[in-house]
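Undergrad: Give me a 3D structure for the following:
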Amino acid sequence: MTPERQARIEQVAVRRQPDLTVFMERVHKPHNLAAVLRTCDAVGVMHAHAVPGSKGLPALNHTAQGAQRWVQLTRHQDSARGLKTLKAAGFRCVAAHCSEHAVDFRSIDYTQPTAVVLGTEKFGVSTEALELCDAEIIIPMVGMTQSLNVSVANALILYEAQRQRAEAGMYQPRSTEASPWRDLIQHWIARDLARRKTAVGQPSISPEPDPESDQG
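TA: Numbering: from 1, shown residues only. Prediction:
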């Protein structure tokens, strides 16, 4: 591994946010799952969560651009157990859900440990999940359409969280020896080395674009 590659890994890892996450409830379209994870990576989410649909989690497509390698994804059997686990860890769970109780998504304090709960494309967040959430949020709209694609909504919410956290200095790099960033760096480096070692031993074929490229 080149010094430049290791420096890049460390630079990204020490800005990861262990107390900001996304909880996807049966998001079943490959494009949406991939886009959500790509935004998670872009704003520094360390760890995402998902409850698979009846057919399991969809295979990720090119939309992810390799983000799944940099955002750990934990699968939960059902929403109740998954959300209870997050709440026990100190997360405030906020559901993207249009209701009379919902507040503007920008009014939430995302500098606190926060889990953004996203529902399935067709039905939204389930009643089971809503009962465990601490707040419901909406994205104000003035058009004829009263909802956004789940991955677009996720991006707007996470970038508001990123804005608030950046203003609060929460993206200042941590020490590479501090936990959990130290373990994350070690894991990324070990995986990167193993992947490149495997690639060296493969037959020479026309290469495809590297989804882990630092460009874009």
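Undergrad: Please report how far Val125 lies from Val152.
TA: Going from Val125 to Val152 by Cβ to Cβ, to the nearest Å gives 16 Å. In this view, the C-beta of every residue, glycine as well, is placed from N, C-alpha and C.
Undergrad: Run through the helices of the chain in chain order.
TA: With DSSP state H applied, the chain shows helices at 3-13, 30-43, 79-88, 127-130, 150-167, 181-200, listed in chain order.
Undergrad: mean pLDDT lowest for which of those?
TA: Note on these: helix 181-200 shows the lowest mean pLDDT, a mean of 88.
Undergrad: what comes up buried for it?
TA: Neighbour-count burial for helix 181-200 flags Trp181, Arg182, Leu184, Ile185, Trp188, Ile189, Asp192 (criterion: 16 or more other Cβ atoms under 10 Å).
Undergrad: so, if you compare those residues, which one comes nearest to Glu25?
TA: Leu184 (25.9 Å; Cβ to Cβ).
Undergrad: Return the residues in contact with the closest one.
TA: Taking Cβ atoms under 8 Å, 6 or more residues apart in numbering, we find Leu184 in contact with Ala13, Arg16, Met46.
Undergrad: Check Leu86 too.
TA: Counting by Cβ under 8 Å, 6+ apart, Leu86 touches Thr21, Phe23, His49, Cys93, Ala115.
Undergrad: so how far is Ser107 from the residue sitting nearest the centre point of the chain?
TA: With distances taken as Cα atoms, centre = their mean, Cys40 lies nearest the centre of the chain, 3.3 Å away. Separation of Cys40 from Ser107 (Cβ to Cβ): 22 Å.
Undergrad: now Pro18
TA: From Pro18 to Ser107 the distance is 24 Å (Cβ to Cβ).
Undergrad: which of the two has more neighbours?
TA: More crowded of Pro18 and Ser107, by other Cβ atoms under 10 Å: Pro18, with 15 against 9.
Undergrad: is it true that the more buried one touches Pro180?
TA: Yes: contact status for Pro18 versus Pro180: in contact at 5.6 Å, counting by Cβ atoms under 8 Å.
Undergrad: any common contacting residues for these two?
TA: Met46.
Undergrad: on that earlier part again, looking at the helices of the chain, which is buried most?
TA: helix 30-43 (a mean of 22; mean count of other Cβ atoms under 10 Å).
Undergrad: Show me what it is packed up against.
TA: strand 20-25, strand 47-51, helix 150-167 (3 or more Cβ pairs under 8 Å, 6 or more residues apart in numbering; DSSP states H and E).
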